[in-house]
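J.: Need the 3D shape of this:
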Amino acid sequence: MIRQATAQDLNQILALIHPFIDDFAVDDEGREKFSLQMIQQLIEQPDIHYFVYLQASEIVGVMAYREPAHIVHFFVKEEQQGQGIGRALWNHVQVVINRVDTQIITVNSSCFAEKIYKKMGFESVSEVIEAHGLRFIKMQKHIV
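T.: Numbers count the residues shown, from 1 in each chain. A predicted model of the protein is given here:
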């Protein structure tokens with residue numbers, strides 16, 4: 001089941017994201033962006049739409065985007081990867097984004113996730129960038 005995230009989900013979201021932080025955070029400044037307070041701020045921002053995927057009341061995936069169409073978080077618990085959870089979250093968010101008048105969905109992908117985004121139709125539009133404590137590749141997908 002996919003639903004909007006709430007403040008009660010913060011600890012589970014943080015626990016889900018934590019194992020992936022070193023895939024893209026290169027220093028403490030980057031790691032700070034994934035603190036409990038920062039995730040809470042994201043959930044509370046009116047222009048951020050944060051979704052969780054539940055399996056037996058446990059959060060096993062999250063996806064969030066900033067209006068109009070920039071993916072800010074996309075994580076699936078490692079043990080549940082390859083089971084269609086990421087695809088379900090992506091399909092859900094894509095439907096929501098398609099309701100607005102936008103032509104491009106963007107993301108700052110970790111190097112690890114680049115191939116996953118490419119499978120979803122994204123293309124790289126930059127080399128690897130290190131900024132604000134994070135290592136990422138800018139990617140985009142044109143909406144047809």
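
J.: For the rest of this, base every contact and every neighbour count on C-alpha atoms.
T.: Noted.

J.: what ranges do the strands span in this protein?
T.: Here the chain has its strands, by DSSP state E, at 2-4, 48-55, 58-66, 70-76, 104-109, 123-131, 134-142.

J.: Run through the residues that contact M139.
T.: Contact analysis of M139 by C-alpha atoms under 8 Å, 6 or more residues apart in numbering lists 106-109, 122-126.

J.: can you redo the strands of the chain as a markdown table with mean pLDDT and distance to Q94?
T.: Output for these, formatted as a markdown table (pLDDT from 0 to 100; distance: least, C-alpha to C-alpha, whole Å):
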| stretch | mean pLDDT | distance to Q94 |
| --- | --- | --- |
| strand 2-4 | 97 | 13 |
| strand 48-55 | 97 | 12 |
| strand 58-66 | 97 | 10 |
| strand 70-76 | 97 | 10 |
| strand 104-109 | 96 | 9 |
| strand 123-131 | 96 | 16 |
| strand 134-142 | 96 | 11 |
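
J.: hmm, back to that, for the contacts of M139, which PyMOL command selects only the ones that are buried?
T.: In PyMOL syntax, the buried subset of the contacts of M139 is picked out as below (16 or more other C-alpha atoms under 10 Å):
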select buried, resi 106+107+108+109+122+123+124
